[in-house]
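> Sharing a model prediction with you, sequence too.
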Amino acid sequence: MTKPPLDKRDWIAGLEKGLSILEAFDAEHARMTPSEAAARTGMTRTAARRYLLTLEHLGYVQSDGKLFGLTPRVLRVGWSYFDSARLPRMLQPYLQQLSATINESVYVSVLDEWELVFIARNGTSRVMTTGFVLGARVPVPLTSPGVVLLAGLPDHEAVREWLNGTELPPFTPHTLTNKARLLEKIEQARADGFTVIEQQLQIGVRGIAVPLKDRRGEVVAALSTNMPIGRETAEAALKRVLGPLQETALAVMNVL
């Protein structure tokens with residue numbers, strides 16, 4: 001999860017600061033003053049104001065003279081990934097076939113540092129009630145694809161250290177917040193090659209996931225499905241969908 005250092009001659013500090021301003025906006029900070037943006041990014045108020053005004057001129061934020069907020073133009077940056085990245089486009093035919101086979105919504109997701117991001121999907125009509133939209137970011141240890149991706153990381157100690165230093169708020173009455181049990185879940189997924197997660201983020205929803213590996217055997221993404229629990233037991237659901245998930249993962253492995 002760490003990156004090699006970049007030569008100082010190649011580093012553009014202004015770009016880093018501009019992006020940090022954009023990333024400072026979230027659900028709790030949808031609109032901010034320059035002072036609030038400065039506090040969230042570690043800049044001076046003067047610097048934060050200059051970046052906000054520049055971003056406003058470029059059309060990425062808007063202001064009423066006091067508060068700044070993002071504009072839809074920010075989506076251009078995110079959707080450029082879906083338009084240009086090879087992996088989501090290459091996987092789509094596999095997802096279509098898999099979704100038709102198991103009659104469930106299916107997803108591909110990856111880690112972005114310690115967040116889970118959904119980069120491809122093919123869904124049934126239930127997708128809006130039991131699934132995720134493209135680009136959605138969710139807490140990684142509370143989803144089936146997140147667990148298999150954590151299980152697939154080569155640095156197991158880094159996963160343990162990160163989890164020990166992370167707060168895990170309960171999203172449902174069933175959310176697993178015991179870190180020792182979560183580590184057991186991750187280790188079990190590493191041994192089994194799949195995992196089943198129930199009602200961690202949504203009541204009445206079950207997720208099943210397997211890792212997607214490249215030809216070198218390295219985990220590059222997760223393949224998962226979400227479904228309403230209903231009257232189907234976890235064992236029955238696993239028997240119904242695990243085989244097709246694994247077959248699809250194996251087919252994808254041959255082209256990655």
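The structure has been received and is ready for your questions. Since the model is a prediction, treat every value here as computed from it, not as a measurement. Numbering: from 1, shown residues only.

> Walk me through the domains of the chain.
For the chain, the domain assignment from automatic domain parsing gives the residue ranges 8-74, 85-253.

> Can you lay out those domains as TSV showing mean neighbour count and mean pLDDT?
The way it works is simple: take the backbone N, C-alpha and C, and place the C-beta from them, glycine included. Output for those, formatted as TSV (neighbours: other C-beta atoms under 10 Å; pLDDT from 0 to 100):
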stretch	mean neighbour count	mean pLDDT
domain 8-74	14	94
domain 85-253	18	91
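
> Report the separation between K239 and K8.
56 Å (C-beta to C-beta, to the nearest Å).

> To clarify, my last question referred to L250.
Distance from L250 to K8, by C-beta to C-beta: 44 Å.

> which residues of the stretch 151-256 of the chain fall in helices?
Under the criterion DSSP state H, counting those that start in this stretch, helices of the stretch 151-256 of the chain are mapped to 156-164, 179-192, 234-253.

> can you list the ones you listed in TSV and add distance to Y107?
What follows is the helices of the stretch 151-256 of the chain, written out as TSV (distance: least, C-beta to C-beta, whole Å):
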stretch	distance to Y107
helix 156-164	22
helix 179-192	16
helix 234-253	11
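
> All the strands of the stretch 51-200 of the chain, residue numbers only.
61-63, 68-70, 105-112, 115-122, 137-139, 195-198 (DSSP state E, counting those that start in this stretch).

> For S224, find the nearest of those.
When these are compared by C-beta to C-beta, strand 105-112 sits nearest S224, at 5.1 Å.

> who does that closest one touch, helix- and strand-wise?
helix 86-102, strand 115-122, helix 144-152, strand 219-228 (3 or more C-beta pairs under 8 Å, 6 or more residues apart in numbering; DSSP states H and E).

> so which of the ones you listed gets nearest A24?
Shortest distance between A24 and the helices and strands packed on strand 105-112, using C-beta to C-beta, is found for strand 115-122: 15.6 Å.

> Would you confirm that K179 contacts G165?
No - the pair K179 / G165 is not scored as a contact, 9.8 Å apart, by C-beta atoms under 8 Å.

> wait, doesn't D112 sit right on R137?
Yes - D112 lies in contact with R137 (C-beta under 8 Å); the separation is 7.4 Å.

> export stretch 189-206 as PDB, just CAs?
What follows is stretch 189-206, C-alpha atoms only, in PDB (Å, rounded to 0.1, in the frame of the first residue of the first chain):
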ATOM      1  CA  ALA A 189     -11.000 -15.600   3.300                       C
ATOM      2  CA  ARG A 190      -7.300 -16.000   2.500                       C
ATOM      3  CA  ALA A 191      -7.500 -19.700   3.200                       C
ATOM      4  CA  ASP A 192     -10.800 -20.300   1.500                       C
ATOM      5  CA  GLY A 193     -10.400 -18.000  -1.600                       C
ATOM      6  CA  PHE A 194     -13.900 -16.500  -1.000                       C
ATOM      7  CA  THR A 195     -16.000 -14.900   1.700                       C
ATOM      8  CA  VAL A 196     -19.600 -14.300   2.700                       C
ATOM      9  CA  ILE A 197     -20.600 -11.100   4.400                       C
ATOM     10  CA  GLU A 198     -24.100 -10.400   5.700                       C
ATOM     11  CA  GLN A 199     -25.900  -7.200   6.800                       C
ATOM     12  CA  GLN A 200     -22.700  -5.200   7.500                       C
ATOM     13  CA  LEU A 201     -23.700  -2.100   5.600                       C
ATOM     14  CA  GLN A 202     -27.300  -2.800   4.700                       C
ATOM     15  CA  ILE A 203     -30.000  -4.700   6.600                       C
ATOM     16  CA  GLY A 204     -31.100  -7.900   4.700                       C
ATOM     17  CA  VAL A 205     -28.300  -7.900   2.200                       C
ATOM     18  CA  ARG A 206     -25.700 -10.700   1.700                       C
END
